[in-house]
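Trainee: pasting a predicted model and its sequence here:
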Amino acid sequence: MGVSRNSFPIDAAGHRLHAERIEPRPVSPGADGTTLVFLHEGLGSIGQWRDFPSRLSERTGLPALVYDRWGYGKSEAFSLPRATGYLHDEALIGLPAVLEACRIGRAILVGHSDGGSIALIHASRHPGGVRAVITEAAHVFVEEVTLAGIREAVEAYAKTDLGKRLARYHGDKTDLVFRGWADTWLSPAFRDWNIEDCLPGVRCPVLIIQGIDDPYGTPAQVQAIARQIAGRAEPLMVRCGHTPHAEARDEVLEAMARFIRNCLEEGEKVRR
């Protein structure tokens, strides 16, 4: 058992992106061409996932793709201001282009925060290509607690070493990454952002994970997803904050691996 990781560039939707492919040894016999695709948070990157994608790939026997979205990590920088529909753009333009460039026809999407919202939007429009979705701290509408948490982050960025810590991953793009996230979410135009209209189009199973002490969202997000998707919903509240895969790693790794194994087994039964 083990995995190999290889970095490579992607040209997708007119942008140069940085990606890593993870290959487990051996590949699960039930994989049927399925790849885990990791979608990072609004200040995230490949590096901030640390070894979690490798661990999940090894546990499930599925290959994985991890990539820096446009503007993040080692990918090409974006410009400001960001459009209020940037999550839809990533879900419906950016992600499909990445999947096509990497020749991924069937995916299990693993999305954290912004990445979780992107995963849900994408799955609602591409039901044939998405075998399952796992969200961590995904948002489907704007809550006041979210805005309060972002305002605290803005203060921390100004007064602490938060910027320096983010620069380890984003380099000279760090200010663009932070402002693109904070300024967009705090803008009056974003206050009515809502993707609940997409949820009935999500027909695959969804594991919905959120930290009990998440400073950026309440259980209302989980409840809204579970209530409105068309596929099977598995809500999971974990005793942690905004980053379950890091703060409650073992519990979350086991829950994701179990969910994925069940999805693969269900697919095998259907093929029989």
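Mentor: That came in fine, so what should we check first?
Trainee: tell me which stretches of the stretch 101-250 of the chain form strands.
Mentor: Counting by DSSP state E, counting those that start in this stretch, the stretch 101-250 of the chain has strands at residues 106-112, 130-136, 206-211, 233-238.
Trainee: so what strands line up beside the last one?
Mentor: Right, the one you point to is strand 233-238. The pairing partners recorded for strand 233-238 under DSSP bridges are strand 206-211 (parallel).
Trainee: again with the first one
Mentor: Sheet neighbours of strand 106-112, with direction, are listed as strand 34-39 (parallel), strand 130-136 (parallel) (DSSP bridges).
Trainee: now tabulate the ones you listed in JSON lines and tack on distance to Glu143, mean pLDDT and mean neighbour count.
Mentor: (Glycine included, C-beta is placed from N, CA and C.) Output for the strands paired with strand 106-112, formatted as JSON lines (distance: least, Cβ to Cβ, whole Å; pLDDT from 0 to 100; neighbours: other Cβ atoms under 10 Å):
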{"stretch": "strand 34-39", "distance to Glu143": "21", "mean pLDDT": "98", "mean neighbour count": "26"}
{"stretch": "strand 130-136", "distance to Glu143": "16", "mean pLDDT": "98", "mean neighbour count": "27"}
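Trainee: which residues touch the residue nearest to Arg239 when sequence neighbours are not counted?
Mentor: Excluding its sequence neighbours, the residue lying closest to Arg239 (Cβ to Cβ, 6 or more residues apart in numbering) is Ile212, at 5.2 Å. Listed by Cβ atoms under 8 Å, 6 or more residues apart in numbering, the contact set of Ile212 reads Met237, Val238, Arg239, Cys240.
Trainee: low pLDDT regions in this protein?
Mentor: 1, 267-272 (pLDDT under 70).
Trainee: scan it for its longest helix.
Mentor: helix 249-271 (DSSP state H).
Trainee: check which helices and strands that one sits against.
Mentor: Contacts defined by 3 or more Cβ pairs under 8 Å, 6 or more residues apart in numbering; DSSP states H and E place helix 249-271 against helix 52-60, strand 106-112, strand 130-136, strand 206-211, strand 233-238, helix 244-247.
Trainee: so for Gly33, which of those sits nearest?
Mentor: strand 106-112 (5.3 Å; Cβ to Cβ).
Trainee: list the contacts of that closest one.
Mentor: 32-41, 44, 53, 56, 62, 99, 117-120, 122-123, 129-138, 243, 245, 256, 260, 263.
Trainee: between it and helix 249-271, how many degrees?
Mentor: Relative orientation of strand 106-112 versus helix 249-271 (axes from the mean of the first three to the mean of the last three Cα atoms, to 10 degrees): 160 degrees.
Trainee: please look at Ala132 and Arg203 and confirm they touch.
Mentor: No: between Ala132 and Arg203 there is no contact under Cβ atoms under 8 Å: 10.6 Å.
Trainee: just say helix, strand or coil for the closest residue to Phe38 other than its chain neighbours.
Mentor: Once flanking residues are discounted, Phe38 sits nearest to Val66: 4.5 Å by Cβ to Cβ, 6+ apart. Secondary structure state of Val66, per DSSP: H, G, I helix; E, B strand; the rest coil, is strand.
Trainee: who does Val66 form a beta bridge with?
Mentor: Glu20, Phe38.
Trainee: can you count the residues close to the spatially closest residue to Arg179 that is not a sequence neighbour?
Mentor: Closest residue in space to Arg179, ignoring its immediate chain neighbours: Leu80 at 6.0 Å, by Cβ to Cβ, 6+ apart. Using other Cβ atoms under 10 Å, the number of residues around Leu80 comes to 11.
Trainee: could you do Ala226 as well?
Mentor: 16.
Trainee: residues touching the residue nearest to it when sequence neighbours are not counted, list them.
Mentor: Leaving out its chain neighbours, the residue that sits closest to Ala226 by Cβ to Cβ, 6+ apart is Ala233, at 3.8 Å. Going by Cβ under 8 Å, 6+ apart, Ala233 touches Pro205, Val206, Ile208, Ile225, Ala226, Arg227.
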